[in-house]
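A.B. asks: Model the structure of this input:
(chains A and B)
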Amino acid sequence: MAQMVTSGTSPEGPRPSYMYKVVLLGSMSVGKSSLAYRYVKNDFRELLPTVGCSFFTQVLELDEATVKFEIWDTAGQEKYQSVCHLYYRDAHAALLVYDIANKQTFSRAKLWLEELEKKFLPDEIVIALVGNKTDLAAEREVTTEEGEDFARTKGLLFMETSAKSNHQVNDVFMAIVQELLRREKEKAPRPSPHGRSTVDLRASGARTRCCRS
Amino acid sequence: MNLKSERRGIHVDQSELLCKKGCGYYGNPAWQGFCSKCWREEYHKARQKQIQEDWELAERLQREEEEAYASSQSTQGAQSLTFSKFEEKKTNEKTRKVTTVKKFFTASSRAGAKKALAGKLKEIQEAKAPSPSIHRQASIETDRVSKEFIEFIRTYQKPGQDIYKQCKLFLDTMSHKRDLSIEEQSECAQDFYQNVADRLQTRWKVPPEKVEKAMDEVEKYIMTRQYKYVFCPETTDDEKKDLAVQKRIRALHWVTPQMLCVPVSEEIPEVSDMVVKAITDIIEMDSKRVPRDKLACITKCSKHIFNAIKITKNEPASADDFLPTLIYIVLKGNPPRLQSNIQYITRFCNPSRLMTGEDGYYFTNLCCAVAFIEKLDAQSLNLSQEDFDRFMTGQTSPKKQESDSFSPDVCLGVKQMCKSLDLLSQLNERQERIVSEAKKLEKDLIDWTDGITKEVEDIVEKYPLEIKPKSQALAAIDSENVENDKLPPPLQPQVYAG
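C.D. replies: Model prediction:
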């Protein structure tokens, strides 16, 4: 799995630090930006950020590691789908967001998944299916079961959220972190005795560059 | 009389029509009285002479410049290494020029067309004349960067010295690897970044933030020097791609913000200001030599775009808004050597900066924008295929919608004028409509009176007025009173005295 690992401030420290790139995929106005904004700023656009909200970073100090999230928002319009593969190159995780009150966005999410499956092997990327806008439950068009079933068959993480009412937003990202860290452990079952994690950057594909095309 | 003199004016002797050189063919005033063949020979000779002269002049200038540079270098003393580099660059430059001149000769003997020749010559002259100053400027910049780098690296003490040594070594190796393909050179540079970063981290135990800072400086130092060898190198088709993109963007000049669903209204002066700034930034990218500086231009451009969207929509922009606007900015700005710049950044930027972080994100967006522009079709602009084809071939252009279609650099006066013109044409249209309506009304009125007249006439015709002679009727009445005279006489007033 491609990832950048930089040692913490003290390289001998017990906690490794990881950097993960997360891409947000989904149709237009399903709430991709709001979701990220809610997660990073814990706010629903009440406070206007200085610049736009399409690129975010978030640092998590967990017990086992320091994790830096880099969240890349993408343009959801259908016409940009052909160029969007540039966005998720070298991504570690992807959030497939759909609107529970809009059936069409759910089928688009399925299309996104097909795209992702073309570019990544299943163990290369953590994918979470997110049904957003649970605050619009009255207008629901996609049932929770539908989402759950689809996620189960495809081996995705699944959660329903509401960026507006801050429902389970944090949980989605936490689930992703846990999954990423779990895979990290799987990959290196026996860490070195002093717990120092230095990953050979050259082997980790850090040199694969973007936009070669 | 007049006609006669004119005739006399254009009359020419047979001998005047022949080639001045006397080869027997007819000459042409456009070729100064030579026939085409002799003219070509003459012209060619003159041009060759001039080229030779220009060439000598350029060489003299270069020599002077080199001398000046050498003397300034000897005063500085310490930087003899850069001088040798400079020498090398000069020779490199010279060989290139010789080939250009050669190219010119072959082309000229073949083409011969006067216009093409003049154009080519002008190009060469232009290329030659300013080149010394460009070189001087470039070397000044290189020197400045070197100085800054040395100063910076001093703050790192021992690791700094090590890095400096590594950099020198790298530049030296690279100077022997110019024949390698650009991909291999790129690999070398990437390996070098990796090695230096590793070295700093593991051998010298430099903290990550400081490593990052040092890496930025290393990149700046080596790429300022490598730039001219590895930016848009002749071994690749980068230049061809540049031209293709440029042509494509030019062909798409008619695309309006509405077609791309750009959430930016240039009507607002602040927004159009931001748009101008964004365009300036993206164009400026080409003038930077260090990949990181180029990235910084893209990021600056993106920030201006975000501001423009924020002012228009009054809420922060998301990626759904950003990408279309960036595409619009790229279409509007048509930044020079776009593909070359993207390729150069991809090949020689420190990978940690390209794959992650804000700069990397915006760079990816730019790549998406360019990829989209290359693929753009009728559907992605919500147009019918016929309309798209017609716009692309330049047969028609979409009807300009008020001042939305003005580029922001058009001055206010012109905008006002265009608006007034619009208004006038609208008024004119209305007036014409009124006149035609009035004429119609007039006609209607005439028709109406005519109609009524005709109707009346018809009725009159249908029911002719027969007036019986009055006297006869009266007589008849009287005549009926046959016993009139039998009636008692009318009563007469009688006066009674009493």
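A.B. asks: Backbone dihedrals for A:Leu95, please?
C.D. replies: phi -110, psi 120 (degrees, to the nearest 10).
A.B. asks: Helices of chain A, start to end?
C.D. replies: All helices of chain A, identified by DSSP state H, fall at A:32-41, A:103-119, A:144-154, A:169-187.
A.B. asks: Report the residue ranges of every domain in chain B.
C.D. replies: Taking the TED database as the reference, chain B has its domains at B:25-67, B:142-230, B:237-393.
A.B. asks: Which one, of the helices of chain A, ends up nearest to chain B?
C.D. replies: When the helices of chain A are compared by CB to the nearest CB, helix A:32-41 sits nearest chain B, at 3.5 Å. C-beta here means a position set from N, CA and C on the backbone, and glycine is covered the same way.
A.B. asks: That closest one close to chain B?
C.D. replies: Yes - Helix A:32-41 reaches chain B (CB under 8 Å from any CB of the partner chain) through A:32-33, A:37.
A.B. asks: Show me which strand runs longest in chain A.
C.D. replies: Across chain A, the longest stretch assigned as strand under DSSP state E is strand A:17-26.
A.B. asks: So which residues make contact with stretch B:366-385?
C.D. replies: A:75, A:79-80, A:82-84, A:86-87, A:210-211, A:213, B:245, B:248-249, B:252, B:255, B:259-260, B:298, B:323, B:326-327, B:330-331, B:338-339, B:342, B:387-389, B:391 (CB atoms under 8 Å, 6 or more residues apart in numbering or on different chains).
A.B. asks: Would you mind checking these for buried ones?
C.D. replies: Burial by neighbour count, 16 or more other CB atoms under 10 Å in any protein chain shown: within those this picks out A:75, A:79-80, A:83-84, A:86-87, A:210-211, B:245, B:248-249, B:252, B:255, B:259-260, B:298, B:323, B:326-327, B:330-331, B:338-339, B:342, B:388, B:391.
A.B. asks: so where's chain A uncertain?
C.D. replies: Counting by pLDDT under 70, chain A contains low-confidence ranges at A:1-14, A:43-52, A:189-213.
A.B. asks: My error: substitute the stretch 151-300 of chain B in the last question.
C.D. replies: Using pLDDT under 70, nothing in the stretch 151-300 of chain B is flagged.
A.B. asks: again, only using 90
C.D. replies: B:151-166, B:173-181, B:183, B:198-217, B:225-226, B:228-230, B:232-238, B:253-270 (pLDDT under 90).
A.B. asks: which parts of it sit against chain A?
C.D. replies: Counting by CB under 8 Å from any CB, the stretch 151-300 of chain B comes close to chain A at B:190, B:194, B:197-198, B:201-202, B:205, B:207-208, B:261.
A.B. asks: one more time with 6 Å
C.D. replies: Proximity of the stretch 151-300 of chain B to chain A is confined to B:190, B:194, B:208 under the rule CB under 6 Å from any CB of the partner chain.
A.B. asks: Check what contacts stretch B:202-222 and list those residues.
C.D. replies: A:6, B:149, B:152, B:159, B:167, B:196-197, B:200-201, B:290, B:292, B:350 (CB atoms under 6 Å, 6 or more residues apart in numbering or on different chains).
A.B. asks: likewise stretch B:228-237?
C.D. replies: Counting by CB under 6 Å, 6+ apart, B:178, B:182, B:185, B:238-239, B:340, B:344 sit against stretch B:228-237.
A.B. asks: Parallel or antiparallel, list what pairs with the longest strand of chain A.
C.D. replies: Each strand paired with strand A:17-26, and its direction, by DSSP bridges: strand A:4-5 (antiparallel), strand A:66-73 (parallel), strand A:93-99 (parallel).
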